[in-house]
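In: output the structure for:
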Amino acid sequence: MTRLYGPQAEADPYGLYERLRTEHGPVAPVLLHGDLPAWLVLGYRETLDVTRTPSRFSRDSRHWKDMREGRLTADHPLAPIATWQPVCVFADGQEHERWRGAVNDGIARFDKRGIRRHVTECANQLVDHFCAAGTADLVGQFAEHLPMMAMTQLLGMPEEYGPRLVSAARDMLRGTETAVASNEFVQETLRKLVARKRVQPGADFTTWMLEHPSGLSDDEVQQHLRLVLIAAFETTANLIANTLKMVLTDVRFRASLAGGHMTLPDAVEQVLWDEPPFITILGRWATQDTELAGQPIKAGDALVLGLAAANMDTAVRPDLDAPIHGNRAHLAFSGGAHECPGQDVGRAIAGTGIDALLLRLPDLTLAVEESELTYRSSLMSRHLTSLPVRFTAHRPRRPELTAGPDADGQTGSPAQSVVIPAPSRAPAPSAGRSSWWRSLTNWLRRS
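Out: Numbers count the residues shown, from 1 in each chain. Prediction:
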């Protein structure tokens with residue numbers, strides 16, 4: 001049986017999905033970490049069937065046979081994301097409605113214009129840290145930090161928590177040997193936040209959850225903060241990085257956007273179809289013996305939703321190379337009652353942040369060949385390890401900032417003066433690329 005973990009699976013997950021589809025059809029038997037058996041749902045219609053029938057496929061992981069029989073131990077790499085917790089993603093029915101209702105109401109109170117203003121300011125702060133250098137890594141210095149900067153503010157957390165939370169979140173989602181410890185760091189950070197907001201409430205998501213009429217306990221609030229923080233961080237960081245990569249490398253995209261046929265929101269949706277932030281989601285668990293696409297599913301079996309594979313299902317998308325304009329029928333945010341409630345906030349953070357970056361750095365170009373870009377993959381996520389770029393160096397808006405977060409989340413010390421590299425250290429882009437970026441910048445300013 002094929003493993004969904006390990007070097008071979010992580011090297012080319014998209015290729016693996018297509019091989020499994022060829023061998024088994026829209027539902028394939030696979031092995032998870034520790035060789036725990038599961039079913040990978042590859043088909044678009046089959047994924048919707050699973051997400052829309054909780055009576056057959058529950059989100060409650062206590063149905064999982066391997067968990068009941070003790071094979072998912074406390075130190076198992078999947079324990080942080082699969083062990084049942086008092087949060088809406090592990091519930092169905094009335095319990096789900098109570099928890100999900102509190103989350104929905106809290107998200108609905110966000111000031112969308114306020115989010116965009118804050119994200120624009122955060123993006124400009126990040127650009128200030130590296131704009132004098134003429135080069136940057138847009139993953140380690142931008143995409144990975146912008147969502148956490150935005151979310152810490154929305155949750156009412158001190159900004160200095162951001163860098164360590166970025167590292168812990170990535171580690172936890174990769175299912176590494178230190179994933180359990182990283183999860184504990186996140187939990188302890190949020191535990192302290194909830195305790196503080198009980199006595200010092202504010203205009204933030206944490207306070208709104210504590211004050212919600214459903215009467216959530218401190219533990220319920222903490223667990224939902226973890227859910228929102230981790231999901232928003234990972235999905236939005238990947239969405240920003242993948243969209244920027246598309247802007248810099250995809251000829252079809254550049255021609256379409258420069259010609260006015262594709263807006264930046266359209267580009268974001270294209271990326272959500274082609275490279276969704278979560279490539280799979282674990283999971284659903286069968287409540288009874290049933291059948292799915294001809295495969296015999298037994299009660300207690302685990303199912304992994306193959307979101308990336310479902311988006312590439314030719315049964316609903318015959319021409320995979322054709323651009324998709326304004327179509328949100330993708331499964332990047334799952335489907336059914338558990339579809340991501342914060343997807344519009346994620347879109348706002350990604351779109352606003354990219355907009356601000358492109359306006360500050362209109363001659364941005366890729367500093368390496370596209371073939372040199374590398375990815376890191378895990379069961380649920382596939383993300384760029386770096387996105388090296390170059391641009392014309394210029395002084396930051398805040399001159400004291402010359403060194404920002406590096407790939408490890410560390411921040412350099414403010415310098416007394418800014419030294420702008422000589423032109424030879426920051427090669428100018430080609431005339432063709434510069435002209436395209438100028439058209440894009442003008443379009444963004446007009447829209």
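In: residues near the residue lying closest to E177 once chain neighbours are set aside, how many?
Out: Leaving out its chain neighbours, the residue that sits closest to E177 by Cβ to Cβ, 6 or more residues apart in numbering is P77, at 7.2 Å. Every C-beta, even on glycine, is put in place using the N, C-alpha and C of the backbone. P77 has 22 neighbouring residues, counting by other Cβ atoms under 10 Å.
In: tell me if I'm right that L155 and T189 touch.
Out: No. Using Cβ atoms under 8 Å, L155 is not in contact with T189; the gap is 10.4 Å.
In: strands of the stretch 51-200 of the chain, start to end?
Out: Taking DSSP state E, counting those that start in this stretch to define them, one finds strands in the stretch 51-200 of the chain at 57-58, 135-137.
In: related to what we said a few turns ago, for the residue nearest to E177, give its distance to S167.
Out: With distances taken as Cβ to Cβ, to the nearest Å, P77 is found 17 Å from S167.
In: same question for S377.
Out: Relative to S167, and taking Cβ to Cβ, S377 is found at 18 Å.
In: ok, those two, which is more surrounded?
Out: Neighbour totals were compared for S377 and S167, and S377 leads with 19 against 16 (other Cβ under 10 Å).
In: which residues does the nearest residue to the more buried one once chain neighbours are set aside contact?
Out: The shortest distance from S377 to any non-neighbouring residue, by Cβ to Cβ, 6+ apart, is to E10 (3.9 Å). Taking Cβ atoms under 8 Å, 6 or more residues apart in numbering, we find E10 in contact with 376-378.
In: next step: those residues restricted to helices.
Out: The members of the contacts of E10 all map outside helices under DSSP state H.
In: and of those residues, the nearest to I324?
Out: Of all the contacts of E10, I324 sits closest to S377, with 23.8 Å by Cβ to Cβ.
In: roughly how far does that closest one sit from L4?
Out: 10 Å.
In: repeat that for E184.
Out: E184 is 25 Å from L4, by Cβ to Cβ.
In: now swap in I115 and tell me
Out: I115 is 35 Å from L4, by Cβ to Cβ.
In: more neighbours: these two, which one.
Out: Between I115 and L4, L4 has the larger neighbour count (other Cβ under 10 Å), namely 25 against 18.
In: tell me the contacts of that one?
Out: 16, 30-32, 38, 40, 280, 304, 379.
In: CSV please, covering the residues you listed and showing neighbour count and distance to G202.
Out: Below are the contacts of L4 laid out as CSV (neighbours: other Cβ atoms under 10 Å; distance: Cβ to Cβ, whole Å):
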residue, neighbour count, distance to G202
L16, 22, 46
V30, 22, 45
L31, 17, 46
L32, 24, 40
A38, 23, 42
L40, 27, 43
T280, 25, 36
V304, 21, 38
L379, 26, 36
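In: next step: the residues you listed restricted to helices.
Out: Members of the contacts of L4 lying in helices (criterion: DSSP H): L16.
In: sorry, back to before: which of the strands of the stretch 51-200 of the chain sits closest to V316?
Out: Per Cβ to Cβ, nearest to V316 of the strands of the stretch 51-200 of the chain: strand 57-58, 20.0 Å.
In: which secondary structure elements does the closest one sit against?
Out: In terms of contact count using 3 or more Cβ pairs under 8 Å, 6 or more residues apart in numbering; DSSP states H and E, strand 57-58 is assigned the packing partners strand 281-286.
In: one more time with 10 Å, if that's ok
Out: Counting contacts by 3 or more Cβ pairs under 10 Å, 6 or more residues apart in numbering; DSSP states H and E, strand 57-58 is packed against helix 44-52, strand 281-286.
In: I'd like these laid out as CSV, including mean neighbour count and distance to E370.
Out: Below are those laid out as CSV (neighbours: other Cβ atoms under 10 Å; distance: least, Cβ to Cβ, whole Å):
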stretch, mean neighbour count, distance to E370
helix 44-52, 20, 28
strand 281-286, 24, 28
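In: now the ones you listed in JSON lines, with mean pLDDT and distance to L244?
Out: Formatted as JSON lines, those follow (pLDDT from 0 to 100; distance: least, Cβ to Cβ, whole Å):
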{"stretch": "helix 44-52", "mean pLDDT": "97", "distance to L244": "27"}
{"stretch": "strand 281-286", "mean pLDDT": "94", "distance to L244": "24"}
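In: want to throw those into TSV with distance to P388?
Out: Shown next, in TSV, are the helices and strands packed on strand 57-58 (distance: least, Cβ to Cβ, whole Å):
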stretch	distance to P388
helix 44-52	35
strand 281-286	30
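In: so for V251, which of those sits nearest?
Out: So among those, helix 44-52 is nearest, using Cβ to Cβ, at 27.2 Å.
In: mind saving the C-alpha coords of that closest one as CSV?
Out: This file holds the C-alpha atoms of helix 44-52, laid out as CSV (Å, rounded to 0.1, in the frame of the first residue of the first chain):
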residue,chain,number,x,y,z
TYR,A,44,-14.1,16.1,-6.8
ARG,A,45,-17.6,14.7,-6.5
GLU,A,46,-16.5,12.0,-4.0
THR,A,47,-14.9,14.7,-1.8
LEU,A,48,-18.2,16.7,-1.8
ASP,A,49,-20.1,13.5,-1.0
VAL,A,50,-17.9,12.9,2.1
THR,A,51,-18.1,16.5,3.3
ARG,A,52,-21.9,16.7,2.9
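In: select the longest helix from this protein.
Out: Assigned via DSSP H, the chain shows its longest helix as helix 218-249.
In: name the residues of that helix that are buried.
Out: 220-248 (16 or more other Cβ atoms under 10 Å).
In: measure P54 to R68 for me?
Out: Distance, P54 to R68, by Cβ to Cβ: 19 Å.
In: what about those two, which has more around it?
Out: The neighbour comparison of P54 against R68 (other Cβ under 10 Å) goes to P54, with 19 against 12.
In: isn't that one up against G93?
Out: Yes. Between P54 and G93 there is a contact at 7.5 Å, judged by Cβ atoms under 10 Å.
In: overlap of the contact sets of these two?
Out: Common neighbours of P54 and G93 (criterion: Cβ atoms under 10 Å, 6 or more residues apart in numbering): 60, 337.
In: still on that earlier bit, pick out the lowest-pLDDT one from the contacts of E10.
Out: Across the contacts of E10, the bottom pLDDT score, 85, is held by S378.
In: angles on the backbone of it, please.
Out: phi -140, psi -170 (degrees, to the nearest 10).
In: before we move on, what about the one 10 residues further on?
Out: For P388, the backbone dihedrals are phi -70, psi 130 (criterion: degrees, to the nearest 10).
In: Provide a list of residues in contact with it.
Out: Per Cβ under 10 Å, 6+ apart, neighbours of P388: 135-140, 366-368, 372-373.
In: out of the residues you listed, which comes closest to W285?
Out: Minimum distance to W285 across the contacts of P388 is 34.0 Å, recorded for V139 (Cβ to Cβ).
In: isn't the closest one right up against A241?
Out: Yes. Between V139 and A241 a contact is recorded at 5.1 Å, counting by Cβ under 10 Å.
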